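Participant: can't give you the sequence, but here's the structure:
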């Protein structure tokens with residue numbers, strides 16, 4: 001039997017995270033029922049602060 005623990009991967013670069021860094025991502029979304037725009041804040045884990053900044057820039061468009 002090969003019991004392996006799942007490794008977390010960075011959502012930006014796909015590298016495995018040894019020490020995750022939490023970054024707050026702020027983007028705009030729409031409510032699925034009313035279709036009104038709202039600002040959404042999420043706390044995601046990245047492999048570095050640099051990847052968190054790049055992910056935030058991608059959400060800004």
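Facilitator: Done, it's in. As the structure is a prediction and not an experimental result, all values here were calculated from the model.
Participant: Which stretches in this structure count as helices?
Facilitator: Using DSSP state H, the helices of the chain run over 49-60.
Participant: Name the nearest residue to the most centrally placed residue in it, ignoring sequence neighbours.
Facilitator: Against the mean C-alpha coordinate of the chain, by CA atoms, centre = their mean, the closest residue is residue 44 at 4.1 Å. Distance criterion CB to CB, 6 or more residues apart in numbering; nearest residue to residue 44, sequence neighbours excluded, is residue 25 at 5.5 Å. (Each C-beta comes from the backbone N, C-alpha and C, glycine too.)
Participant: what does residue 55 give?
Facilitator: The shortest distance from residue 55 to any residue other than its chain neighbours is 4.7 Å, reached at residue 12 (CB to CB, 6+ apart).
Participant: same thing with residue 27?
Facilitator: In space, residue 27 is closest to residue 59, 3.9 Å off (CB to CB, 6+ apart).
Participant: Contact partners for residue 18?
Facilitator: Contact analysis of residue 18 by CB atoms under 8 Å, 6 or more residues apart in numbering lists residue 47.
Participant: same question, residue 36
Facilitator: So residue 36 contacts residue 30 (CB under 8 Å, 6+ apart).
Participant: Give me the pLDDT for it.
Facilitator: We have a pLDDT of 96 for residue 36.
Participant: go on, residue 40?
Facilitator: 93.
Participant: Tell me the backbone dihedrals of the residue nearest to residue 55, please.
Facilitator: Note on residue 12: backbone dihedrals following degrees, to the nearest 10 are phi -90, psi -50.
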